[in-house]
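1. Fold the following and give me the result.
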Amino acid sequence: MSESHAKQIPVQLESRIQKLASDAPTQPWLNKQQKQALKDEIKQLLKQHNAQLVAHYYVDDELQALAEETGGVVADSLEMANFGAQSAADVLVVCGVRFMGETAKMLSPEKTVLMPDLEATCSLDVGCPAKEFAEFCAQHPEHTVVVYANTSAEVKAIADWVVTSGNALQIVRHLKEKGEKIIWAPDRHLGNWIEKETGIEMIRWQGHCIVHDEFKSFELDELCTKHPQAKVLVHPESPASVVDQADVVGSTKVLLNAVQTMPDKEFIVATDYNIFYKMQQLAPEKQLYVAPTGGHGATCKSCAHCPWMAMNGLENLRDCLRNMAPEIVLDEEVRKKALNSVQRMLEFSRQAGLVQTK
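-> Residues are numbered from 1 along each chain as shown. Next comes the predicted model:
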């Protein structure tokens, strides 16, 4: 086994991730009148509590629209963290998954940080338990620990650096120039892409995103044959065989920019399909196709949507504002340790012009 493949996820943990995903509750169906009543109440509660919505591109399009309409933000995880840190709101309501709420609380301990459902997690987070990861890092004390944002506060507290898909390449290149050896966690595909792009070899934890991991290169070949003019946009959490077929590889922000600025009229997109809301908002004249996740004989050609992102809905968003719960609460020692690695990322990103500063 090569050093870069030094840590595999145990089979029992893999089973737990799949069970958590399959058990994730779905949101109830609501008619137009019910939705509008919920939206009206949410807007009123946001004003009442001086609260702002911080939503990820992968949540339901109605939540994204609501965040935009009420002065909040729809963004990737890096921009979400930056926005929350600079917000004048007393309350941040994070529509996304738990690590995003935890990062908001790290940066804004004086604010109340709510989430519609604290059980909304991430396979990368679940697949990198802090205790096991700490033991793994202890075996390589001479290495700099770099973790993806899709990890718990406890894992971030172990790390030297936190990165997102929007700044990982730049930060790893920076560390390589300094001659540092790197432990990378948890996404194996993103780590593999970074190794190829930078020429550095990292000790990689073998986690994966259950959505991006399912994109199929042979099915993508067939879709490209049907749409020969379409450009292929791929998030680097996808398998190498899919990344290799891409015209553009990058974070959600990079993929959004590609749709908006490239002259092509058709795009095949290999990431969570809820990004289509923002893509079509930015480029309404473009034709978008979801990259396939199903193999031959599958009932779903593309099931590219995170089950935990889908746990955010209008009803539980309304309820969390009514009850001011559930709230993100972090152990203060863990928060401070994790904050060091997150702030290091944000400061680097600001200096590199990767995020905007008010």
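2. contacts, neighbours, all on C-alpha from now
-> Fine.
3. Look up which residues are beta-bridged to residue 95.
-> Residues in a beta bridge with residue 95, per DSSP bridges, are residue 55.
4. residues in contact with residue 326?
-> Neighbour list for residue 326: 114, 115, 116, 117, 118, 320 [criterion: C-alpha atoms under 8 Å, 6 or more residues apart in numbering].
5. Give the full set of residues in contact with the second one.
-> With contacts defined as C-alpha under 8 Å, 6+ apart, the neighbours of residue 115 are 93, 94, 95, 96, 98, 101, 317, 320, 325, 326, 327, 328.
6. Which pair of these spans the longest distance?
-> The largest separation in these, counting by C-alpha to C-alpha, is between 96 and 325 at 15.3 Å.
7. Between the two, point out the one with more neighbours.
-> Here residue 96 and residue 325 are compared on neighbour count by other C-alpha atoms under 10 Å; more neighbours surround residue 96, at 30 against 18.
8. domains in the protein, as residue ranges please.
-> Domain assignment for the chain by automatic domain parsing gives 3-8+124-206, 21-121+309-351, 212-290.
9. Next, format these as a markdown table and append mean pLDDT.
-> Output for those, formatted as a markdown table (pLDDT from 0 to 100):
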| stretch | mean pLDDT |
| --- | --- |
| domain 3-8+124-206 | 94 |
| domain 21-121+309-351 | 95 |
| domain 212-290 | 97 |
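10. Filter the contacts of residue 326 down to just the ones in helices.
-> Cross-referencing these with the helices (criterion: DSSP state H) gives residue 320 as the overlap.
11. what helices or strands is the lengthiest helix in the chain leaning on?
-> For the chain, the helix reaching the highest residue count under DSSP H is reported as helix 332-351. Using 3 or more C-alpha pairs under 8 Å, 6 or more residues apart in numbering; DSSP states H and E as the contact test, the elements touching helix 332-351 are helix 98-107, helix 153-158, strand 161-163.
12. Select, out of these, the one closest to residue 39.
-> Minimum separation from residue 39 across the helices and strands packed on helix 332-351 (C-alpha to C-alpha) falls at helix 98-107, 21.5 Å.
13. Who are the packing partners of the closest one?
-> helix 77-86, strand 91-95, strand 112-114, helix 153-158, helix 332-351.
14. how about a markdown table for these, with distance to residue 266 and mean neighbour count added?
-> Rendered in a markdown table, the data for these read as follows (distance: least, C-alpha to C-alpha, whole Å; neighbours: other C-alpha atoms under 10 Å):
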| stretch | distance to residue 266 | mean neighbour count |
| --- | --- | --- |
| helix 77-86 | 26 | 22 |
| strand 91-95 | 29 | 27 |
| strand 112-114 | 38 | 25 |
| helix 153-158 | 39 | 24 |
| helix 332-351 | 31 | 18 |
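15. ok, which stretches of the stretch 101-250 of the chain are strands?
-> Under the criterion DSSP state E, counting those that start in this stretch, the stretch 101-250 of the chain contains strands at 112-114, 144-148, 161-163, 182-185, 203-206, 231-234, 248-249.
16. strands paired with the second one, and their directions?
-> Here strand 144-148 has these sheet partners by DSSP bridges: strand 161-163 (parallel), strand 182-185 (parallel).
17. Tell me which residues are up against the longest one.
-> What that stands for is strand 182-185. Applying C-alpha under 8 Å, 6+ apart, the set of residues contacting strand 182-185 from outside is 128, 137, 143-148, 191, 201-207.
18. about what we covered before: of the helices and strands packed on helix 332-351, which is nearest residue 186?
-> helix 153-158 (10.0 Å).
19. helices and strands around that closest one, which ones?
-> Of the remaining helices and strands, those touching helix 153-158 by 3+ C-alpha pairs under 8 Å, 6+ apart are helix 98-107, helix 130-138, strand 144-148, helix 332-351.
20. will you turn these into JSON lines that also has distance to residue 256?
-> Below are the helices and strands packed on helix 153-158 laid out as JSON lines (distance: least, C-alpha to C-alpha, whole Å):
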{"stretch": "helix 98-107", "distance to residue 256": "20"}
{"stretch": "helix 130-138", "distance to residue 256": "33"}
{"stretch": "strand 144-148", "distance to residue 256": "21"}
{"stretch": "helix 332-351", "distance to residue 256": "19"}
